[in-house]
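Peer 1: I'll drop the sequence and a predicted model, then ask my questions.
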Amino acid sequence: MFVTVGNNKYHVNIVGDGEPIVMLHGFTGTMATWNDMLLHLSYQGQLILIDLPGHGDTQATDVTTMYDVCHDLKLILEQLGHQQVSLLGYSMGGRTSFLMAYYFPDFVERLILVGASPGLPEEQRIERQKQDEQLATMIEREGMEAFVSYWETIPLFDTQRRMPLSKQEQIRNERLAQSPQGLALSLRTMGTGKQPSLWSFLQHMTIPVTLVVGEEDDKFISLNEQMLESLPNAELKKISQTGHAVHLESPEIFGKIVSEVLIKPFSN
Ligand SMILES: C=C(O[C@H]1C=C[C@H](C(=O)CCC(=O)O)[C@@H](C(=O)O)[C@@H]1O)C(=O)O
């Protein structure tokens with residue numbers, strides 16, 4: 001189905017009824033990124049999967065900041081009849097989930113974040129915005145084949161080469177199915193450099209936060225351990241023999257973690 005907010009038309013997939021958990025994919029992904037994990041999810045509530053701007057079947061070009069995206073997401077969920085949701089986000093979707101809790105604290109019940117961060121320290125943002133702009137321009141000039149061939153070789157995804165070739169091909173095809181214009185818009189709107197830094201806000205985020213990170217994702221292990229020190233009501237789950245995309249590399253383990261968190265929410 002599609003939900004229209006303002007000039008933007010979002011692709012949304014709703015499964016079941018009850019307490020909603022909204023799932024937000026990462027850069028270059030779509031709602032299909034959750035398919036493997038969902039095979040191992042035991043949850044009686046409602047699943048709401050959304051393609052973010054610049055991705056999948058969503059047609060949302062009237063966004064310039066992450067606030068615009070978060071506000072659209074809130075309007076979508078209110079249109080669906082929800083006043084409060086849980087959020088599950090991977091990487092860019094995790095950063096977006098963090099911001100949803102920051103902008104709309106009464107709207108977010110809990111966070112489950114995979115390979116996520118609260119953005120960069122303020123002083124690093126400008127440089128990263130330049131890098132994100134360079135990448136956006138590369139994608140527009142050289143197209144999807146060249147971008148994906150580069151993107152899948154970054155160290156963050158080294159562990160994905162241990163996955164079955166069929167799974168690697170599935171991830172590659174999901175990335176190739178994106179448009180250069182869409183990914184460029186995403187980087188210019190939702191790129192890591194564009195994310196307001198929430199590091200100083202973490203100490204005030206009292207909702208339950210489950211951080212999930214692959215034990216071989218060195219960069220995000222360090223970031224998530226730092227986040228855990230600041231978050232007053234959080235737990236950190238490290239998944240062995242797994243890298244950045246925990247939900248893709250260890251879908252069974254991740255599905256069980258999400259099931260446990262949603263069925264028996266922890267609270268410090
Ligand atoms: C390379 C870095 O940042 C990017 C890496 C992961 C993020 C993501 O969404 C996953 C993309 C994927 O699975 O293909 C992405 C984001 O958060 O927007 C980052 O641009 C890095 O070293 O920080």
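Peer 2: Alright, I've got the coordinates.

Peer 1: Just give the number of residues close to the closest residue in space to F201 that isn't next to it in sequence.
Peer 2: Leaving aside its sequence neighbours, F201 sits nearest to Y102 (C-beta to C-beta, 6 or more residues apart in numbering; 5.7 Å). C-betas here are computed from N, CA, C, even on glycine. Other residues near Y102 come to 20 when the count uses other C-beta atoms under 10 Å.

Peer 1: Am I right that Y102 is in contact with L202?
Peer 2: No: the criterion here is C-beta atoms under 8 Å, and Y102 misses it with L202 at 9.6 Å.

Peer 1: Can you get me a residue count around the nearest residue in space to V5 that is not next to it in sequence?
Peer 2: If the residues on either side of it in the chain are set aside, V5 comes closest to L75, at 4.3 Å by C-beta to C-beta, 6+ apart. Residues near L75, counting by other C-beta under 10 Å, number 16.

Peer 1: One more: T192?
Peer 2: There are 19 residues near T192, going by other C-beta under 10 Å.

Peer 1: tell me the SS of it?
Peer 2: coil (DSSP: H, G, I helix; E, B strand; the rest coil).

Peer 1: All the strands of the stretch 51-200 of the chain, in order from the start?
Peer 2: 85-90, 108-114 (DSSP state E, counting those that start in this stretch).

Peer 1: elements contacting the last one?
Peer 2: Here strand 108-114 touches strand 85-90, helix 92-103, strand 209-214, helix 251-263, going by 3 or more C-beta pairs under 8 Å, 6 or more residues apart in numbering; DSSP states H and E.

Peer 1: Let's see that with 6 Å instead.
Peer 2: Here strand 108-114 touches strand 85-90, helix 92-103, strand 209-214, going by 3 or more C-beta pairs under 6 Å, 6 or more residues apart in numbering; DSSP states H and E.

Peer 1: And for the first one?
Peer 2: Packed against strand 85-90, as judged by 3+ C-beta pairs under 6 Å, 6+ apart, are the following elements: strand 20-24, helix 92-103, strand 108-114.
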